[in-house]
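# With the sequence up front, the predicted model follows.
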Amino acid sequence: MTIREGYEMVVGLEVHTELKTATKLFCGCPNVFGEAPNTNVCPVCLGLPGSLPVLNRGAVELAMAIGAALGCAIRPSSFHRKNYFYPDMPKDYQISQYDEPINVGGALELPDGSRVGIERAHLEEDTGKTTHVGASGRIHGAERSLVDYNRAGVPLVEIVSDPDITSAAQARAYAAELRSILVATGASDGRMEEGSMRVDANVSVRELGDATLGTRCEIKNLNSLRSLQRAVDHEAERQSELVASGGRVVQETRHWDEGAGKTVTMRSKEEAYDYRYFPEPDLLPLAPDDAWRDRVTAGLPALPAARRATLLGLLGDPTASQRDQVLSVVELGLDTMVTSAVSAGVEATLALARVANEVAAIEGTAIEGAERLDVAGVVTVLEMEQAGELSATQAKAVLADLAEHGGDPRELAARRGFEQLDAGSLDATIDELIVAFPDEWTRYQQGDDKLAQFFVGQVMKQTKGQADGKAVIAGLARRR
Amino acid sequence: MTSLSRDDVAHVARLARLALSDEELERYTDQLRAVLDHARDLEAFDLEATPPTAHPFAADPYLRDDVIVNGLDRDEVLAQAPAVEDERFCVPQIIGDAP
Amino acid sequence: MTSAIELAAAVRRGDTTATSLAEGALAAIAAGDGAINAFLHVDAEGALAAARRVDAAVANGEDPGPLAGVPVALKDNLCTRGVPTTAASRILEGWRPPYTATVVDRLVGAGAIPVGKTNLDEFAMGSSTENSAYGPTRNPRNHARVPGGSSGGSAAAVAAGMVAIGLGSDTGGSIRQPAALCGVVGFKPTYGMVSRYGLIAFASSLDQIGPLARTVADAAVCLEVIAGHDPRDSTSLREPAPSLLDALHDGVKGKTIGLVRELVDGSAPDVEAAVAASAVTLRDAGATVIEMSIPEMRLGLSAYYLIAPAEASSNLARYDGVRYGLRVDADDLTTMNVATRTKGFGDEVKRRIMLGTYALSAGYYDAYYGRAQRVRTLLSRAFAVAYGRADLLLGATAPTTAFELGAKTTDPMAMYLSDVFTIPSNLSGDPAMTVPFGSGADGLPVGVQLLGPARSERLVVAAAQVLEDAAPS
């Protein structure tokens, strides 16, 4: 499923993210997910006659942080009304930003080094949620619909990229990187499956070398990064095949059907809907002063691109597999563990490997809100391993204990009976096993190196994992 | 400014979710045309350099702290809803997605 | 008829009780409103409960507030929790808001007693209160005449002596014009001076709430109570209410007052004569009255009838039968929306919604709404230039005395022309007040209008008091 040979795709992404504020954009109702329907509402977010919007300072600050993180210019901005009728919109207009958005221009640097331009990132309010009764629960064929306004008025930032994306993989990488940034700034929790981050793709194709843009289609209903990638590839293929066979792409909005693996036309629309945008009379224009803008920019945490660069710098000449580990460690937000360990004297390769593998696995099974492994504890375990006080296997076990019980790694190690296996005990153990497995020992002596692992395994069994594998192999080699 | 036609009025009536009888369409077209004709006096000015007024007085916007304020009780809200089901507002079949 | 200030003083002294005043108002309404139809809803229970609270406060030696015990009427586009609020429309028939407008809370906090909700043109769109879905209100001075609009109910209730103070709203003249036609004081404050939270919106950049009363002093004390910053209204001025009572007797000596020809031209001879007489009064009181011309004012009507309907078309979209109010059932949502709005809205409202939708629509925005907002800037600048030469401006409030019911209902443009002198202040956002100044040829009241620059309420009130003191009876 890929674009036809001789064609290239041009893709732009529109990402809507809910902001992690305590309250909604224009009123003091709680901004929380999953509560009983219509319990977080007030005259403002219900759009009752006589209600008026009042802007949430926290939402503005997060919108500015997003803009700053994306390298945008934070500009004076104003609000507009986007007018249309739909039951999930209490006022039958949405307060959004139109020709004067808060953030303009910017760019996103992807892990592979490519850059995608950001056209704008603006504030707007979210709609309520509609559920459909009858038929399959989808809107078509439903008998009636039920509306919950808890989500109405939740703050959104809409981030529009330039049409710089040239492959489905790059589209996915863009969305993943953007999500990391949104999470890093604290603006969003970036959960596509839950809807706190929504991605729409604008896709068009053209013949290779053609400078003009083809007609584009907007693809909606992309609930995961995987869906995004599949949908973009499928749509590029569909369009390129259509054009190649003499057809014309119709500008429309299409819905991604995950099960069928294709995009389908949504109910055909007339030309662009007339939203009759006009300046929102109930809200004054916003012009954050230099002091506020500077504070926001200075308060940004280190962003993924910079954090990746830091780790790569520590490794010196990273292998491909280490590059992958760097990507995953930064994406998981575990890079400070690595840098802290390295500062404490742990060797970078070891720190990276342990965090990328063991720590990541532990964090992955953690219950929501459970205590994460603390950085100091992890660093101590790594120091112990590096000093030879713990074997690799023992280090992994202590990390697991640390996650479950917390506490001091040295105490945990002692409780497990992990002591430094002194050279004498190790020698004694090796000698015992040589006597116990004469055939295997003969084959090893004759050059069958694979049996070294056999003896390592036996030593581990005997010492309950306390031995250091490398030391065992060295001991065997000495006796050969 | 172009002259307002019956089709124009029919179009905006649809946009505004209003149904008009033929007689009303005729009457409203005449009446609206009269208002728009009167408004031709605005055409006499070259206003390129005059910015539009969006708000009578400029000021820094008042910003609210991101702090929870008590809202409405759900029962009070739903008590006057035309149709309620499952603690939600019930509407008849929606044809078509949001524009 | 006793003024609000005198009533409140009597209550605080113990000479009368809030309960007795409330009962009196309710009795007056019961006796007189059948002929006038000023009230859409009378809240006897609420009024008496509020009165009891005020009386208890007085008995406890607590300060019951500057409007203690004063019966007040509220235009029915002000939300009052648990009390029907219809905006004189069928689409909100029976709706009881779950919250109360800020201005009402402030009035009650000052000890006032809301006795009921008054009639208006539907959604405040009109100049005669004939656009109400619940029948017109009649002018208390002549029942065959209109009380003006859109705040006709409040104006009539005050003029008839049923209440001392009424709240109205003014978007294109809807406080001032009915006040003039009924012979009472009407005050539109600076835009943003009074919170719009809880005012059912018509045109958001123009709407302001203000008092109608029989005296300038009553209007002033009411404005002191309801004005001042409200964090729930983002357009509300970031300052406390102005103090006005102590400016009442400042006089106008040494002030320059501009008699604006565009605020007089086109008015009936008796109205023009009243304005001329008021100019003499002001001159006699020590002001310099100069003749001025502000031609941009002539553009006000056209600009207003593009801007106001445009904002209204958006503000009224929410009445769709989904969450509250009227619903006309149908098999699908859009049909339900259309049936509900078609049945629920009256002619004038539909007319303005369509006009406004057109003025904002693709391809026409620049020519209509966009252009009108630029003309608005032109007008504001012209006002600013005028205020460089004069402290206040003077003119007529309405072109004629109260016209007959039915006289202008067949021709919308004729009705719109009633607002020609009041509209400019809504567009600029500046304050303006109408003061009764004698009678017209038919014996009906004439009002004279004073306009001031933004935040000049003290100046306006002082000049108004001069006129009131000398007004012909």
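Great, that's in hand.
# The stretch 101-250 of chain A: helices as residue ranges?
Taking DSSP state H, counting those that start in this stretch, the helices of the stretch 101-250 of chain A run over residues A:168-184, A:225-244.
# I'd like the ones you listed as a markdown table, with mean neighbour count, distance to chain B and mean pLDDT appended.
In short, each C-beta sits where N, CA and C put it, glycine included. As requested, the helices of the stretch 101-250 of chain A are exported to a markdown table (neighbours: other C-beta atoms under 10 Å in any protein chain shown; distance: least, C-beta to the nearest C-beta, whole Å; pLDDT from 0 to 100):
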| stretch | mean neighbour count | distance to chain B | mean pLDDT |
| --- | --- | --- | --- |
| helix A:168-184 | 22 | 18 | 95 |
| helix A:225-244 | 21 | 17 | 96 |
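# Just put these in TSV and tack on distance to A:E252.
Shown next, in TSV, are the helices of the stretch 101-250 of chain A (distance: least, C-beta to C-beta, whole Å):
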stretch	distance to A:E252
helix A:168-184	19
helix A:225-244	11
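# right, and these - which one's nearest C:N119?
Counting by C-beta to C-beta, C:N119 lies closest to helix A:168-184 out of those; the figure is 52.8 Å.
# Could you check the angle that closest one makes with helix A:225-244?
Using axes from the mean of the first three to the mean of the last three C-alpha atoms, to 10 degrees, the inter-axis angle of helix A:168-184 relative to helix A:225-244 is 150 degrees.
# Can I get helix A:168-184 in CSV? Just the C-alpha atoms.
This file holds the C-alpha atoms of helix A:168-184, laid out as CSV (Å, rounded to 0.1, in the frame of the first residue of the first chain):
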residue,chain,number,x,y,z
ALA,A,168,3.7,8.6,5.6
ALA,A,169,6.6,7.6,7.9
GLN,A,170,7.6,11.3,8.2
ALA,A,171,4.0,12.1,9.0
ARG,A,172,4.1,9.6,11.8
ALA,A,173,7.4,10.9,13.0
TYR,A,174,6.1,14.4,13.0
ALA,A,175,3.1,13.4,15.1
ALA,A,176,5.2,11.5,17.5
GLU,A,177,7.7,14.3,18.0
LEU,A,178,5.0,16.9,18.4
ARG,A,179,3.4,14.7,21.0
SER,A,180,6.7,14.5,22.9
ILE,A,181,7.0,18.2,22.9
LEU,A,182,3.4,18.8,24.0
VAL,A,183,4.0,16.3,26.9
ALA,A,184,7.4,17.9,27.8
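# tell me which strands and helices that helix is in contact with?
Packing contacts for helix A:168-184, counted by 3 or more C-beta pairs under 8 Å, 6 or more residues apart in numbering or on different chains; DSSP states H and E, involve strand A:7-18, helix A:57-69, strand A:107-109, strand A:197-207, helix A:225-244, helix A:304-315, helix A:320-331.
# what angle sits between that helix and helix A:304-315?
100 degrees.
# and helix A:168-184, how far out from the chain's middle?
Offset of helix A:168-184 from its chain centre (C-alpha atoms, centre = their mean, to the nearest Å): 6 Å.
# quick one: low-confidence parts of chain C?
Within chain C, no stretch falls below the threshold (pLDDT under 70).
# Domain map for it?
C:4-243, C:256-297+C:378-431+C:442-470, C:303-366 (automatic domain parsing).
# what about those domains, which gets the closest to A:A413?
For those, the distance to A:A413 is smallest for domain C:4-243, at 58.0 Å, taking C-beta to C-beta.
# What residues are bridge-paired with A:H16?
Here A:H16 sits in beta bridges with A:E158, A:R198, as judged by DSSP bridges.
# who in chain B is up against chain A?
B:15, B:17, B:52, B:54-55, B:58-72, B:74, B:77-78, B:85-99 (C-beta under 8 Å from any C-beta of the partner chain).
# What about those residues, which are in strands?
With strands taken from DSSP state E, the overlap with those comprises B:63-64, B:85, B:88-92.
# Please check the residues you listed and keep the buried ones.
Among those, those that count as buried by neighbour count (16 or more other C-beta atoms under 10 Å in any protein chain shown) are B:63-64, B:88-92.
# of those, list those near chain C.
B:64, B:89, B:91-92.
# Single out the residue in chain B that lies closest to chain C.
B:P56 (2.9 Å; C-beta to the nearest C-beta).
# Count the neighbours of the residue nearest to C:G228 when sequence neighbours are not counted for me.
Nearest residue to C:G228, sequence neighbours excluded (C-beta to C-beta, 6 or more residues apart in numbering or on different chains): C:A241, at 3.7 Å. When neighbours are defined as other C-beta atoms under 10 Å in any protein chain shown, C:A241 has 18 of them.
# Could you say which helix or strand holds C:A241?
Using DSSP states H and E, C:A241 maps to neither a helix nor a strand.
# Next, count neighbours for the residue of chain B closest to chain C.
Counted with other C-beta under 10 Å, B:P56 comes out at 21.
# Closest to the geometric centre of chain B, which residue is that? Let me know.
Centroid-nearest residue in chain B: B:A16, 6.9 Å away (criterion: C-alpha atoms, centre = their mean).
# Do you know the pLDDT at that one?
pLDDT recorded at B:A16 is 97.
# cool, and the one 3 residues further on?
Reported pLDDT at B:A19 in the predicted model: 98.
# Then the one 5 residues further on?
Here, the pLDDT recorded for B:E24 equals 96.
# same check, this time on A:A305
What the model reports for A:A305 is a pLDDT of 89.
# now swap in A:L421 and tell me
Reported pLDDT at A:L421 in the predicted model: 61.
# roughly how far apart are the residue nearest the centre of chain C and chain A?
By C-alpha atoms, centre = their mean, chain C has its centre lying nearest to C:I175, at 2.3 Å. Here C:I175 is placed at a distance of 17 Å from chain A (C-beta to the nearest C-beta, to the nearest Å).
# if I read this right, that residue contacts C:V184, doesn't it?
No: applying C-beta atoms under 8 Å, one finds C:I175 not in contact with C:V184, separated by 10.0 Å.
# Can you check which residues contact both of these two?
Shared contacts of C:I175 and C:V184 (C-beta atoms under 8 Å, 6 or more residues apart in numbering or on different chains): C:L212.
# Let's verify A:K82: helix, strand, or coil?
strand (DSSP: H, G, I helix; E, B strand; the rest coil).
# so what's the residue nearest to C:G228 up against?
C:193, C:223-228.
# Mind putting these into CSV with neighbour count, secondary structure and distance to A:G50?
What follows is the contacts of C:A241, written out as CSV (neighbours: other C-beta atoms under 10 Å in any protein chain shown; DSSP: H, G, I helix; E, B strand; the rest coil; distance: C-beta to C-beta, whole Å):
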residue, neighbour count, secondary structure, distance to A:G50
C:M193, 25, coil, 18
C:L223, 26, helix, 20
C:E224, 21, helix, 23
C:V225, 22, helix, 19
C:I226, 27, helix, 15
C:A227, 27, strand, 18
C:G228, 19, coil, 18
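# And those residues, which two are furthest apart?
Between any two of the contacts of C:A241 (C-beta to C-beta), the greatest distance is 12.3 Å, for C:M193 and C:V225.
# With A:G246 as the reference, name the closest of the domains of chain C.
Nearest to A:G246, of those and by C-beta to C-beta, is domain C:303-366 at 32.7 Å.
# how long is the closest one end to end?
Taking C-alpha to C-alpha, to the nearest Å as the measure, domain C:303-366 stretches 13 Å from start to finish.
# how distant is it from the center of its chain?
Going by C-alpha atoms, centre = their mean, where domain C:303-366 is centred and where its chain is centred differ by 24 Å.
# next one: stretch A:204-213
Worked out by C-alpha atoms, centre = their mean, stretch A:204-213 lies 31 Å from the chain centre.
# low pLDDT regions in chain B?
Counting by pLDDT under 70, chain B has low-confidence residues at B:1-2.
# Other residues contacting stretch A:349-367?
Here stretch A:349-367 makes contact (C-beta under 8 Å, 6+ apart) with A:311, A:314-315, A:322, A:325-326, A:328-329, A:332, A:334, A:337-338, A:341-342, A:372-373, A:378, A:381-382, A:385-386, A:395-396, A:399-400, A:403.
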